[in-house]
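1. Need a 3D model of the sequence below.
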Amino acid sequence: METDALRAQLARLLEGVGAHMPFEDAIADFPDDAINRRPPNVDYTPWHLLEHLRLTQADILDYVTNPHYVERDWPTDYWPAGDAEATRADFDATTRAFIADRAALRAMVMDPARDLLAVMPWTPGHTLLREIRIDADHNAYHVGEFAILRQVMGTWPAGHG
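-> Predicted structure coming up:
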């Protein structure tokens, strides 16, 4: 039973509920004209930040599922090019891919056949529990950052509390 409670808590952590703003709430009704706008004193756009979230989470998913995982280069492989721009379709594809990869990680957490504390043999002693915590922590940080950027840029819908 303790394992079931841990799995449920990890799933909630991944979903960003509880003490954090869920990803879906942070991106809701994001205006097209702000996708590529740079907030004051920030070297990246809102889409760059979401693409960073997607790329990083995709890397973690690859890390926990691929015995032939190849480490990526930081920061090049974790951020889009500084001059990259996105269309609404690109923005939406980024968010869909992020949500799909998060769902895959969540499914792994909820699978009772997976030992959360088993060391993945292709790693230097890392476990699924460790990687889920890293992913959720990284996501919470940047989703919060995205929400603050929205405040600074004035992109929340009218009446947003």
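2. Number of residues surrounding residue 88?
-> Other residues lying near residue 88 total 12 when counted by other Cβ atoms under 10 Å. To be clear about C-beta, it is placed using only N, CA and C from the backbone, and glycine gets the same treatment.
3. who's in contact with it?
-> 32, 35 (Cβ atoms under 8 Å, 6 or more residues apart in numbering).
4. now it: how far from residue 94?
-> To residue 94, residue 88 is 11 Å away according to Cβ to Cβ, to the nearest Å.
5. and if you look at residue 71?
-> Relative to residue 94, and taking Cβ to Cβ, residue 71 is found at 23 Å.
6. again with residue 22
-> 16 Å.
7. Looking at the two, which one has more neighbours?
-> The neighbour comparison of residue 22 against residue 94 (other Cβ under 10 Å) goes to residue 94, with 23 against 15.
8. Name the single longest helix found in this protein.
-> Counting by DSSP state H, the longest helix found in the chain is helix 128-153.
9. Show me where this protein dips below the pLDDT cut-off.
-> Low-confidence segments of the chain (pLDDT under 70): 1, 161.
10. Please repeat the previous calculation with a cut-off of 90.
-> 1-3, 17-20, 158-161 (pLDDT under 90).
11. neighbours of residue 20, just the number please.
-> 20.
12. So which elements touch the longest helix of the chain?
-> Contact partners of helix 128-153 among helices and strands, from 3 or more Cβ pairs under 8 Å, 6 or more residues apart in numbering; DSSP states H and E: helix 2-15, helix 23-27, helix 46-65, helix 88-110.
13. That helix vs helix 46-65, what angle?
-> 180 degrees (axes from the mean of the first three to the mean of the last three Cα atoms, to 10 degrees).
14. shouldn't residue 30 be in contact with residue 155?
-> Yes. Residue 30 lies in contact with residue 155 (Cβ atoms under 8 Å); the separation is 6.4 Å.
15. Tell me which of the two has more neighbours.
-> Per other Cβ under 10 Å, whichever of residue 30 and residue 155 has more neighbours is residue 30, with 22 against 18.
16. what sits against that one?
-> Shown in contact with residue 30 (Cβ under 8 Å, 6+ apart): 46, 91, 150, 155.
17. Kindly report the same for residue 153.
-> 34, 37, 39, 46 are the contacts of residue 153 under Cβ under 8 Å, 6+ apart.
18. Give me the nearest residue to the first one, chain neighbours excluded.
-> Just to be clear, that refers to residue 34. Nearest residue to residue 34, sequence neighbours excluded (Cβ to Cβ, 6 or more residues apart in numbering): residue 155, at 4.7 Å.
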